[in-house]
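Trainee: model this:
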Amino acid sequence: MGTIHQLRWDRPRTRPAADIQPRRALRPADLLLLFGILFIAAAIGAKAYWREGAPPRVALSVQVIDGDSLRNGSEQIRLVGIDAPELRQTCRDVQGREWSCGRAAKARLAELVAQGDVACSPRGRDRYGRTLAVCSARNVPDLGEVMVREGYAVNYAIDYGGYPAAEREAQSARSGVWQGDFERPKDWRKRHPRTG
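Mentor: Numbers count the residues shown, from 1 in each chain. As a prediction, this is how the structure comes out:
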């Protein structure tokens with residue numbers, strides 16, 4: 001007769017006890033590494049949020065302050081990535097004549113905003129408490145980019161990528177401030193500090 005095998009259903013099949021390894025507790029160094037990775041992931045996510053922006057807000061009543069600043073009610077909005085000549089700033093044209101580049105920048109931004117449907121995507125706040133934002137208007141996807149491309153502002157990339165290609169385009173075309181001589185707005189502000 002053949003061999004008879006008895007089957008047992010009363011206990012599960014397991015590995016021999018020698019193969020089971022005890023769980024190891026996390027060491028402090030492992031915990032630090034884990035928290036470090038989580039912190040870096042959170043920082044990258046926050047930076048992406050501010051770069052990509054919060055959902056745009058439609059600003060119904062926008063006033064132009066100068067070539068790179070708007071006001072919506074009591075909120076001041078600074079177009080991120082650009083620096084426009086100050087209102088009192090003058091530049092020189094190709095013939096060496098002075099022109100009010102600061103007032104021209106404000107007038108050009110006012111023309112763009114007058115197209116309506118202004119919306120801004122916040123990117124943070126500057127040291128003066130102003131909202132830093134990328135703003136658009138009807139048929140103008142990015143007000144800052146247009147201001148730099150047309151030479152009414154310069155690229156100002158501090159915390160934001162800015163518009164280096166638009167600035168190169170304005171320089172090549174000798175548009176706006178690039179038509180002659182001018183002082184970068186940040187340098188002009190150093191020489192003409194605000195009083196009071």
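Trainee: pLDDT below threshold where in this protein?
Mentor: Scanning the chain for pLDDT under 70 picks out 1-26, 30-60, 159, 195-196.
Trainee: mind listing the helices for it?
Mentor: Along the chain, the stretches classed as helices by DSSP state H are 28-52, 101-113, 143-149, 164-173, 185-191.
Trainee: which residues does the last one contact?
Mentor: Which is helix 185-191. For helix 185-191, the external contacting residues (Cβ atoms under 8 Å, 6 or more residues apart in numbering) are 83-86, 89, 154, 156, 183. Backbone N, C-alpha and C define where each C-beta goes, glycine included.
Trainee: neighbours around residue 128, how many?
Mentor: Residue 128 has 7 neighbouring residues, counting by other Cβ atoms under 10 Å.
Trainee: still on that earlier bit, can you redo the contacts of helix 185-191 as JSON lines with distance to residue 114 and neighbour count?
Mentor: Formatted as JSON lines, the contacts of helix 185-191 follow (distance: Cβ to Cβ, whole Å; neighbours: other Cβ atoms under 10 Å):
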{"residue": "83", "distance to residue 114": "22", "neighbour count": "25"}
{"residue": "84", "distance to residue 114": "17", "neighbour count": "28"}
{"residue": "85", "distance to residue 114": "20", "neighbour count": "28"}
{"residue": "86", "distance to residue 114": "22", "neighbour count": "22"}
{"residue": "89", "distance to residue 114": "23", "neighbour count": "21"}
{"residue": "154", "distance to residue 114": "23", "neighbour count": "25"}
{"residue": "156", "distance to residue 114": "24", "neighbour count": "22"}
{"residue": "183", "distance to residue 114": "29", "neighbour count": "19"}
